[in-house]
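# Dropping the sequence and predicted coords here.
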Amino acid sequence: MRDVSILTIARGRDAHLRNVIRGLEAQTVRPRELVIGAMQSEPYTDLPETSFPIRQIHITRPDGELPLASARNATARAAEGEVLAFVDVDCIPHPEFTADVWNACAPGRGLVMGEVAYLPKGATEAGLDFARFERLGVRHSDRQAPPPEWLRQCDDYRCFWSLNFAMHREDWARSGGFDEGYYGYGGEDTDFGRTLEYRGIPIWWLKGAKVYHQYHEHCMPPIHHIESVLRNAEHFASRWGERTMGHWLHAFHMMGLIDNAPDGLRILREPNEADFALCRQTGDMPYANSRRVLDKLEPSLDSEAERRAAAERGEAWMSSVAAE
């Protein structure tokens, strides 16, 4: 056994969680433990049998909002392993996952981000078949390909994505963990990446430590979380002097959902079914993508370069008054 604690946070998603556990039981090197940050009052039951211990910690909020940052911190505090590997509940680890993160995470190295392949709808219905997952899984168009040289430093903290990352516990302690002023959906990842940059803790792309993202319907941009996105964007601004999630804010603005008022972002109207139809991931999409929606919202622009430039202008405008 290599001394790796696997940490995941979840609310619902019982079937996804069971597949994660089955993936961990299939590891060539077993993890020390799985710690589940259950963002619900009831424990998960009928979980698969494992050769390693599973512990559940319950983290909830009175308002029912998702305590994503708090839950990740709580699982890290409870973990006993030397290496902390955070895996989202919809991500099935490749059989070499534990061995890969153990080999990559040394004291002082910083944070490593493993590979992610997105599975189409129905890919897990027949059980775990990693050869099939490898054939079917695709890389997200907004994510960098894995480096051929095993590790490559990432120079842009905004690339950090919490669905699959690992750190030696000494580096985790240096980071201070996720800021718990974020709750609900959005912003805590970018804040954590910014904190790492501020504290001089490097971020690395890793070839390996692969996970397979299980299909589930999602909206992107996340209009089903519009209130928490706006709140967390303003919290980010209070800490760093500018907003984050600018591409989402730009899309919300183009859809007529929000405005940038003198006293901050405000919701003009609630999303309707037409908005959800525009943003909803469908069965033929392995993953949701805001770029697809922005392209539809900017039909008058002639080229991809013009559309991207317009999106960047929108992001800059949404961020420019953050500290006013």
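Noted; the coordinates are in hand.

# So residue 205 sits against residue 113, correct?
Yes - between residue 205 and residue 113 there is a contact under CB atoms under 8 Å: 5.9 Å. Where C-beta positions appear, they are placed from N, C-alpha and C, glycine not excepted.

# Tell me which of the two has more neighbours.
residue 113 (23 against 20; other CB atoms under 10 Å).

# what's near enough to touch the more buried one?
By CB atoms under 8 Å, 6 or more residues apart in numbering, the contact set of residue 113 is 154, 159, 160, 161, 164, 165, 203, 204, 205, 206.

# which among the residues you listed end up buried?
Buried subset of the contacts of residue 113 (neighbour count, 16 or more other CB atoms under 10 Å): 154, 159, 160, 161, 164, 165, 203, 204, 205, 206.

# What backbone torsions are found at the fifth one?
Geometry field for residue 164 lists phi and psi as phi -160, psi 100, criterion degrees, to the nearest 10.

# Look up how far residue 29 lies from it.
17 Å (CB to CB, to the nearest Å).

# can you redo the contacts of residue 113 as CSV with pLDDT?
Formatted as CSV, the contacts of residue 113 follow (pLDDT from 0 to 100):
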residue, pLDDT
154, 97
159, 95
160, 97
161, 94
164, 98
165, 98
203, 98
204, 98
205, 98
206, 98
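
# per-residue confidence at residue 79?
Looking at residue 79, its pLDDT reads 98.

# got it, and residue 172?
On pLDDT, residue 172 comes in at 98.

# try the one 5 residues further on
Listed pLDDT for residue 177 reads 98.

# next one: the one 5 residues further on
We have a pLDDT of 98 for residue 182.

# Go through the buried ones among the contacts of residue 113 and say which is closest to residue 273.
Set against residue 273, the nearest of the buried ones among the contacts of residue 113 by CB to CB is residue 161 (29.4 Å).

# you'd agree the closest one is up against residue 192?
No - at 10.2 Å, residue 161 does not count as touching residue 192 under the criterion of CB under 8 Å.

# Run a quick neighbour tally on residue 101.
29.

# Contact partners for it?
Contacts for residue 101 (CB under 8 Å, 6+ apart) come out as 4, 83, 85, 112, 114, 166, 209.

# Selection in PyMOL covering whichever of the residues you listed are buried, please.
Here is the PyMOL selection string for the buried members of these, based on 16+ other CB under 10 Å:
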select buried, resi 4+83+85+112+114+166+209
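
# Mind checking which of the contacts of residue 101 land in helices?
Among the contacts of residue 101, DSSP state H puts none in helices.

# just how off-centre is stretch 151-160 within its chain?
In terms of CA atoms, centre = their mean, to the nearest Å, the centre of stretch 151-160 is found 15 Å from the chain centre.

# which parts of it are buried?
Neighbour-count burial for stretch 151-160 flags 154, 157, 159, 160 (criterion: 16+ other CB under 10 Å).

# Could you export those to CSV, including columns for distance to residue 234 and secondary structure?
Listed next are these as CSV, based on distance: CB to CB, whole Å; DSSP: H, G, I helix; E, B strand; the rest coil:
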residue, distance to residue 234, secondary structure
154, 26, strand
157, 19, helix
159, 23, helix
160, 20, coil
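
# From those residues, pick the one nearest residue 70.
Nearest to residue 70 out of the buried residues of stretch 151-160 is residue 160 (CB to CB; 18.2 Å).

# How many residues are close by the closest residue to the closest one other than its chain neighbours?
If the residues on either side of it in the chain are set aside, residue 160 comes closest to residue 193, at 3.4 Å by CB to CB, 6 or more residues apart in numbering. As a burial measure, residue 193 scores 23 neighbours (other CB under 10 Å).
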